[in-house]
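**Q** here's my sequence, what's the structure:
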Amino acid sequence: MPGMFFSANPKELKETDHSLLDDKTHKKRPKTFRMDVKAYLRSMIPHLEPGIKPSKSKDILSVNEVMQWSQSLEKLLANQIGQDVFGNFLKSEFSEENIEFWLACEDYKKTESDLLHCKAEKIYKAFVHSDAAKQINIDFHTRESTARKIKAPTPTCFDEAQKIIYTLMEKDSYPRFLKSNMYLNLLNELQANSLK
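**A** Numbering: from 1, shown residues only. Sure thing, here's the model as predicted:
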């Protein structure tokens with residue numbers, strides 16, 4: 001780091017204050033974030049009473065549903081709670097714009113034709129434009145192609161960019177999500193509750 005000098009003498013390193021190197025300072029925000037996510041996930045986990053099966057209620061998450069999330073990103077995103085949990089994971093990795101863009105595109109495809117232009121402009125300005133606050137990671141060619149397509153918007157004008165973002169999530173974020181404490185803890189907690 002510029003302006004920081006460390007001694008090569010190990011004894012001097014032991015005697016100095018290493019608050020910048022201390023892991024606790026880096027975990028403050030994520031710990032709070034984890035607590036919020038845990039509270040959210042707990043609200044999704046059924047508080048089982050004898051004789052009540054979790055899969056009967058649409059609001060209650062089952063072990064099978066969560067296990068299906070590991071089969072494909074498509075199955076994860078097909079589930080509303082899966083979208084929320086994956087979105088929270090992406091937020092913890094500072095890449096929530098990917099799922100937000102993907103969901104916006106899915107919603108856009110269902111838009112009535114007279115509203116396409118207005119919605120296309122909003123999505124473009126929010127995610128695709130080079131100065132977008134939540135700019136997605138796409139190549140220059142796709143960005144320019146999308147800019148041309150929204151001038152005469154169709155329900156498919158974001159498909160190329162959406163496919164790139166889906167592939168990015170599928171190959172990058174999704175495998176990490178399946179190995180994350182967020183997913184594994186949820187699955188373990190549901191499995192433990194199903195045994196009660």
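
**Q** the helix or strand residue 86 falls within packs against which elements?
**A** Element membership of residue 86 [criterion: DSSP states H and E] is helix 80-92. Helix 80-92 is packed against helix 23-44, helix 63-68, helix 73-77, helix 97-109, helix 174-179, helix 181-195, with contacts defined by 3 or more CB pairs under 8 Å, 6 or more residues apart in numbering; DSSP states H and E. The C-beta positions use only the backbone N, C-alpha and C, and glycine is treated the same way.

**Q** now tell me which helix or strand of this protein has the poorest mean pLDDT.
**A** None of the helices or strands of the chain scores lower by mean pLDDT, DSSP states H and E than helix 10-15, at a mean of 40.

**Q** count the residues that sit near residue 74.
**A** Neighbourhood size, residue 74 [other CB atoms under 10 Å]: 9.

**Q** how about residue 142?
**A** 16.

**Q** repeat that for the one 10 residues further on.
**A** Using other CB under 10 Å, residue 152 is surrounded by 10 other residues.

**Q** cool, residue 106 as well?
**A** Residue 106 has 13 nearby residues by other CB under 10 Å.

**Q** just the pLDDT for it.
**A** For residue 106, the pLDDT comes out at 97.

**Q** in the protein, where is pLDDT below threshold?
**A** 1-59 (pLDDT under 70).

**Q** rerun at 50
**A** The model of the chain has pLDDT under 50 over residues 1-30, 33, 44-58.

**Q** ok so, going back, buried residues in the helix holding residue 86?
**A** 81, 82, 83, 85, 86, 87, 88, 89, 90, 92 (16 or more other CB atoms under 10 Å).

**Q** among those residues, which two are most distant?
**A** Pairwise distances across the buried residues of helix 80-92 peak at 16.8 Å for 81 and 92 (criterion: CB to CB).
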